[in-house]
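K.L.:
here's a sequence, model it:
(chains A and B)
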Amino acid sequence: MTIDLLAIILTLLAALLLARPVGRYVASAFDTEKRSGIDKLFAPIERTLFAIGGVRTANQTWKQYAGTVVLLNTVMIVLVYLVFRFQGSLPLNPSQIGSMEPTLAFNTAISFMTNTNLQHYSGESGLSYLSQLIGIIFMMFTAPATALAVVIACMRGLAGKPLGNFFVDLVRSIVRILLPISIVAALLFLLLGVPQTLEQPVTAHTLSGAEQQIARGPVASLLSIKELGNNGGGHFGANSTHPFENPGALSNTIQMLLMLLLPTALPFTYGRMVGNPKQGRVLFVSMAMIFVLFLGVSLANEYAGNPVLSGLGLAQDHGSMEGKEVRLGVAQSALYSVVTTASETGGVNTMHDTLTPLSGMIALSNMLLNTVFGGVGAGMLNVLMYAMIAVFLSGLMVGRTPEFLGKKIEGREMKLIALTLLIHPLLILAASALAFYTPLGQEAISNGGYHGITQVLYEYTSSAANNGSGFEGLADNTPFWNITTGIVMYVARFFSMVTLLAVVGSLAAKRPVPETAGTFRTDNALFGGIWLGTTFIVGALTFFPVLVLGPIAEFLTLK
Amino acid sequence: MMSTKRSMITSNIALQAAKESVIKLDPRAMIRNPIMFVVEVGFLITLLLSFVPDAFGGAMPRWFNLTVALILLFTLLFANFAEALAEGRGKAQADSLKQTKKDVPARKIAADGSPQMIAANQLRRGDIVQVLQGELIPGDGEVIAGLATVDESAITGESAPVIKEAGGDFASVTGGTRVVSDEITVRIESDPGESFLDRMIALVEGAQRQKTPNEIALNTVLMSLTLVFLIVVVTLPFFANYLGMTLEIPMLIALLVCLIPTTIGGLLSAIGIAGMDRVTQFNVLAMSGKAVEAAGDINTIILDKTGTITFGNRMASEFLPVGSHRLAELANWAAISSLHDETPEGRSVLELMKRLELPVEAALAVDSEWIEFKAQTRMSGADLVNGQKVRKGAVDAIKRWVLEQGGILPADLDEKSDQIALAGGTPLAVAVDRELYGLIYLKDTVKPGMRERFQQLREMGIKTIMCTGDNPLTAATIAREAGVDDYIAESRPEDKIAVIRREQAEGKLVAMTGDGTNDAPALAQADVGLAMNSGTIAAKEAANMIDLDSNPTKIIEVVSIGKQLLMTRGALTTFSIANDIAKYFAIIPALFVLAIPQLDALNIMRLSSPTSAILSALLFNAVIIPLLIPLAMRGVTYKPLSSTALLRRNLLLFGLGGVVVPFLGIKLIDMFVSIFL
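P.N.:
Here you go, the predicted structure:
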């Protein structure tokens, strides 16, 4: 156990050490004012791409920026939908996999474009290599690149600069950040034994003489961007529990570092871009505190094991091993479950359905809050929204109209934020209520009672937070689940991007208010505390009643 | 300075407010406050259920439904009462103002010069009226002839009459005030219904009260939270049904009402009205709530030096003999020249003598001829019976006078007079015939306490700029002495506008005071323009606040009131939202504990039973509103501190307090309620 904890501490320490330099790198990669070495290296590639695409690179207004985001993403969804629908007749399909059913294709296309990667199909048997490459891997780059672009545009706006151009930011995200890092990571994974091939599955003859098809494919390339881009969709249905997708302790650690890399870096990027590094640091520390608290609860519960099994006389000395990979163990599984939900990646190395009730609740809570780092870009957007709510509610207590980064927060901004605040609980609770109401939804629940509540809640929360991990155990590949989760994912993703771009656009148009001794400070520990309080009371307490009926009731009745 | 004539809440107002709070239950009025409207809908449903308990298939007993309905009714009444109470003070004041307006006769002077009695409400702009001793002035206007003392207490509350005369800055009169002595002829400047009194009545009555920008923004957030909790409560039965539980409708309504921010929702408009009212009670008339809110955001205050920062009258503070003359000699002559001098400067010379305990040879001045100050000569004094001529006045004027008579100027004269100017003072020279004795150091004294106040303002992040017509040297000295951040010397009216624009271009909000017609453009340009009631009509129309006491220093207090208004809103919002934690822990276990007994572990307050827990939480929710009414009316105590210090204090009080108080309160109520259950 000591070694396990030491491994966790070292992993988190490594993530901590990487966050600041990566954050600064991201900031300079998107700096359109100063030319740096990064520009010398990448600008020619980008210029060529813009020339080929005939892209105009002028600054956009918030409306143009948001419009481009939604339109381009929707076009990509349609294209990939068509690829999935006709993959049976398209090339690169050595295993002769058939075309996808419409609702599943709808769900899958949205799922990958929204950075969710809720996989209602099973990876290795549901998609042709063509679908994997131009459907899945293509979107695994463009989806996080979209969110990264949007959050960078917001940061520019908050800094009082023009928002920039979505095409430029999208291409920069991919060329300067996602591609270089994922190439290095893919090579590392190759070294650790992850396959990368377009050959058909291997046929193996077992000792008992049976014939077995062992699936393989372009796994290493997918794996790196799956984690780095907080995508989470695995090549294999079993995701990172599969030995080809997660051969051992080292690959497990690298995966977690990749998941945390951009989400933890963005607060520092933010601090640098808006010219207030302290504020970025305060937000980072606040999020890190929730993360550590959640990890502690999760670990304690997993180590404590399952009281029912103890009652049956089964030893729980190593904690709750149900649903876990023996080669990874309790600590690495619990850590992975917290990391994958905090970063809204959604890859799994353990079955979340089998987590002890409170650890399951922690995974769920990460997604309900969606502000414990959160997915690339999208998480930071949420964090900034809560920062503005915190400023608005308690900023009044210093006797001034609340200001955020020198801009007054007034009616128009609060209207947009109020709408955004509404959408997360509305999507999760209304969709879950619908699922409980119709037999179409209820039938999918494999495990009744309180656990069933958690299964359904988890599925929609994972969709709304664009996480994509499943609580599994839910028979979700039905038209009902495909369509409802598809809608939830799409709305959750783009609604808040548009509203928050609108907020930033509105703030950017205001004249900055000079900072004085009377200004509400947003870069000290006190503000960190207020941010935490707001996030918990406004964000989390909303879900307290349903959490009581789900994991908390399960925990209290599990004897 | 603050007038205390306006009474605090009387039992009459409270009674009226109690009536109003019932009238305000009208859903058409209620819907303007969506949070309380939700409570009203909850009330109506539970009321129905208390007569037909199984209307929606529920099984809750009649008494429980009725109790919930009653508690909700009182929650509504309490919120309405808060609003009515806040409005009440203004209404009472408006009523007394309306008394002043009633049936005033006016003596209109027709074109042919003949007087004609008509009713005041028939007067039009441009009409000429004559007002005799003891009569009420029938409308706002400008004195065009005569001089009178006018009692303005009906409007300002100040009983000492003021002098009004034709021409200059004391020519404007307000309708409804009374001429105490003499008579004046007034040109009416307002049409019926648009007079100052009309506007004042409308303002204090709150008839045209519009929600302020910050109030609208806050309301949006509160509505959003209400909707979030509505979603939570509406979807909850679907989760529960899946588990085979039935959630009773009154229970769900109780949960909803407890979670939505009813505390701040019920008090929000009362806070706004009370904030305006505090300004009014402070004898400042704010033209809109927006102006009061803007006052809280002020970054820069522009203040006139004379009358605001300093007393304005230059006082003798020192005698400086020149050449071979001694102090006592100089002082004696200075005093003799001032014996008949009624100007503040002259009197201050005699006061200084007294203070320094110097003797005056008053006998010398007996039967002397008094020479008055004239702008041409710029000196005054006396021609004594013995033929000596004593003069005191501007240094260069006295110098010329002495030289004309063939006198010689002492060598150290210029040096000493420059010293005085450098130190921010004004030198007066004293001479007798050909002999120049020395200088009187006239000093413009900074009002006591101003320095400390500017220091406080600095800590609040507010910059002060002093405007003065003085030369740069004098201005710099006073600025240093008073501790203002910046000054404009030799300032002309257009300089003020330039400074305001410069500050506004940096994103700052600027406040200023003024009274003259030439201040009007600047008053209009400033975010908060406070005009003096004694000032001209143009100034009063350009400003968005009028100080009825005509005390320019009050701008500083107005800023505090604006801040206090915003703080009170923020504090009660924080308190209201923080309350939710305890309410969750009271209601959620109560809601489910019958179906899942293990959930009793969440009943951390150890409330005695599910029904008692729900009723206690609801009762707390209702009772906290009247308990907070005094705070909403009075406002959170405001101390000029830095933002971080203020925030820490308020957060501790209202944030942490908001978390802890309901735990204690609900537990206490539960102990009481459980006796009856």
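
K.L.:
quick check, pLDDT for residue B:206.
P.N.:
At residue B:206, the predicted lDDT confidence score is 66.

K.L.:
quick one: residue A:440 from chain B, how far?
P.N.:
14 Å (C-beta to the nearest C-beta, to the nearest Å). In short, each C-beta sits where N, CA and C put it, glycine included.

K.L.:
over to residue A:476?
P.N.:
Residue A:476 is 17 Å from chain B, where distance means C-beta to the nearest C-beta.

K.L.:
so how far is chain B from the closest residue to that residue other than its chain neighbours?
P.N.:
Among residues not flanking residue A:476 along the chain, residue A:120 sits closest, at 5.3 Å (C-beta to C-beta, 6 or more residues apart in numbering or on different chains). Computed as C-beta to the nearest C-beta, the residue A:120 to chain B distance reads 22 Å.

K.L.:
tell me, how many residues neighbour residue A:120?
P.N.:
The tally of other residues near residue A:120 (other C-beta atoms under 10 Å in any protein chain shown) stands at 22.

K.L.:
in what helix or strand does it lie?
P.N.:
Using DSSP states H and E, residue A:120 sits in no helix or strand.

K.L.:
need the three-state assignment for residue B:191.
P.N.:
Counting by DSSP: H, G, I helix; E, B strand; the rest coil, the backbone at residue B:191 sits in coil.

K.L.:
for the closest residue to residue B:399 other than its chain neighbours, give me the pLDDT.
P.N.:
Excluding its sequence neighbours, the residue lying closest to residue B:399 (C-beta to C-beta, 6+ apart) is residue B:409, at 6.1 Å. Residue B:409 is assigned a pLDDT of 88 by the prediction.

K.L.:
give me the phi and psi angles of residue B:409.
P.N.:
phi -90, psi 130 (degrees, to the nearest 10).

K.L.:
which ones are touching it?
P.N.:
Shown in contact with residue B:409 (C-beta atoms under 8 Å, 6 or more residues apart in numbering or on different chains): B:399, B:402-403, B:436.

K.L.:
list only buried entries from the residues you listed.
P.N.:
Those of the contacts of residue B:409 that meet the buried threshold are B:399, B:402, B:436, by 16 or more other C-beta atoms under 10 Å in any protein chain shown.

K.L.:
in helices, which of those residues appear?
P.N.:
Among those, the ones falling in helices (DSSP state H) are B:399, B:402.

K.L.:
now pLDDT too, for the buried ones among the contacts of residue B:409, in a markdown table please.
P.N.:
Conversion of the buried ones among the contacts of residue B:409 to a markdown table gives the following (pLDDT from 0 to 100):
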| residue | pLDDT |
| --- | --- |
| B:399 | 91 |
| B:402 | 91 |
| B:436 | 91 |
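
K.L.:
looking at chain A, which helix or strand does the model trust least?
P.N.:
Least confident helix or strand, chain A: helix A:123-126 with a mean of 72, by mean pLDDT, DSSP states H and E.

K.L.:
which is the next helix or strand following it?
P.N.:
Remark: after helix A:123-126, the chain's next helix or strand is helix A:129-130, criterion DSSP H and E.

K.L.:
show me what the next helix or strand after that next one is packed against.
P.N.:
Going down the chain from helix A:129-130, the next helix or strand is helix A:138-158, by DSSP H and E. If you count contacts as 3 or more C-beta pairs under 8 Å, 6 or more residues apart in numbering or on different chains; DSSP states H and E, helix A:138-158 packs onto helix A:62-85, helix A:102-113, helix A:166-172, helix A:219-228, helix A:249-273, helix A:378-395, helix A:479-508.

K.L.:
any idea of the angle the fifth one forms with helix A:378-395?
P.N.:
With axes from the mean of the first three to the mean of the last three C-alpha atoms, to 10 degrees applied, the angle from helix A:249-273 to helix A:378-395 works out at 50 degrees.

K.L.:
for helix A:249-273, packing partners?
P.N.:
So helix A:249-273, by 3+ C-beta pairs under 8 Å, 6+ apart, packs with helix A:2-29, helix A:138-158, helix A:179-191, helix A:219-228, helix A:277-304, helix A:329-342, helix A:378-395.

K.L.:
gap between that helix and the chain center?
P.N.:
Relative to the centre of its chain, helix A:249-273 is centred 12 Å away, using C-alpha atoms, centre = their mean, to the nearest Å.

K.L.:
okay, now residue B:629: neighbour count?
P.N.:
Residues contacting residue B:629 under the criterion other C-beta under 10 Å number 21.

K.L.:
doesn't it fall inside a strand?
P.N.:
No - counting by three-state DSSP, residue B:629 is not part of a strand but helix.

K.L.:
now it, nearest residue through space, not along the chain?
P.N.:
Using C-beta to C-beta, 6+ apart, the nearest residue to residue B:629 is residue B:82, at 4.9 Å.

K.L.:
pull out the buried positions in the host helix or strand of the one you found.
P.N.:
In this structure, residue B:82 sits in helix B:62-101 according to DSSP H and E. Buried residues in helix B:62-101, counted by 16+ other C-beta under 10 Å: B:64-94, B:97, B:100-101.

K.L.:
same check on stretch B:31-39?
P.N.:
Going by neighbour count (16+ other C-beta under 10 Å), the buried part of stretch B:31-39 is B:33, B:35-39.

K.L.:
let's have the residues you listed in JSON lines, adding distance to chain A.
P.N.:
Formatted as JSON lines, these follow (distance: C-beta to the nearest C-beta, whole Å):
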{"residue": "B:33", "distance to chain A": "16"}
{"residue": "B:35", "distance to chain A": "13"}
{"residue": "B:36", "distance to chain A": "18"}
{"residue": "B:37", "distance to chain A": "17"}
{"residue": "B:38", "distance to chain A": "15"}
{"residue": "B:39", "distance to chain A": "19"}
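
K.L.:
and which of those residues is nearest residue A:440?
P.N.:
Ranked by distance to residue A:440 (C-beta to C-beta), those are led by residue B:38 at 31.8 Å.

K.L.:
check contacts around that closest one.
P.N.:
B:226, B:230, B:256-257, B:260.

K.L.:
and the residues you listed as a markdown table, adding secondary structure, pLDDT and distance to residue A:217?
P.N.:
What follows is those, written out as a markdown table (DSSP: H, G, I helix; E, B strand; the rest coil; pLDDT from 0 to 100; distance: C-beta to C-beta, whole Å):
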| residue | secondary structure | pLDDT | distance to residue A:217 |
| --- | --- | --- | --- |
| B:226 | helix | 95 | 51 |
| B:230 | helix | 96 | 48 |
| B:256 | helix | 96 | 52 |
| B:257 | helix | 96 | 57 |
| B:260 | coil | 95 | 53 |
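
K.L.:
can I get these in TSV including neighbour count?
P.N.:
Listed next are the contacts of residue B:38 as TSV, based on neighbours: other C-beta atoms under 10 Å in any protein chain shown:
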residue	neighbour count
B:226	22
B:230	16
B:256	22
B:257	28
B:260	27
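
K.L.:
including distance to chain A, could those residues go into TSV?
P.N.:
Below are these laid out as TSV (distance: C-beta to the nearest C-beta, whole Å):
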residue	distance to chain A
B:226	10
B:230	10
B:256	11
B:257	15
B:260	12
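
K.L.:
buried set for stretch A:539-559?
P.N.:
Neighbour-count burial for stretch A:539-559, with 16+ other C-beta under 10 Å as criterion, is recorded at A:539, A:541-556, A:558.

K.L.:
mind checking how far that stretch is from the chain centre?
P.N.:
Distance of stretch A:539-559 from the chain centroid (C-alpha atoms, centre = their mean) equals 23 Å.

K.L.:
number of residues surrounding the residue in the stretch 301-450 of chain B that chain A sits nearest to?
P.N.:
Checking the stretch 301-450 of chain B residue by residue against chain A with C-beta to the nearest C-beta singles out residue B:301 as nearest, at 12.5 Å. For residue B:301, the neighbour count with other C-beta under 10 Å is 27.

K.L.:
that one against residue B:508, yeah?
P.N.:
No - Residue B:301 is beyond contact range of residue B:508, at 10.4 Å (criterion: C-beta atoms under 8 Å).

K.L.:
thanks a lot, see you next time.
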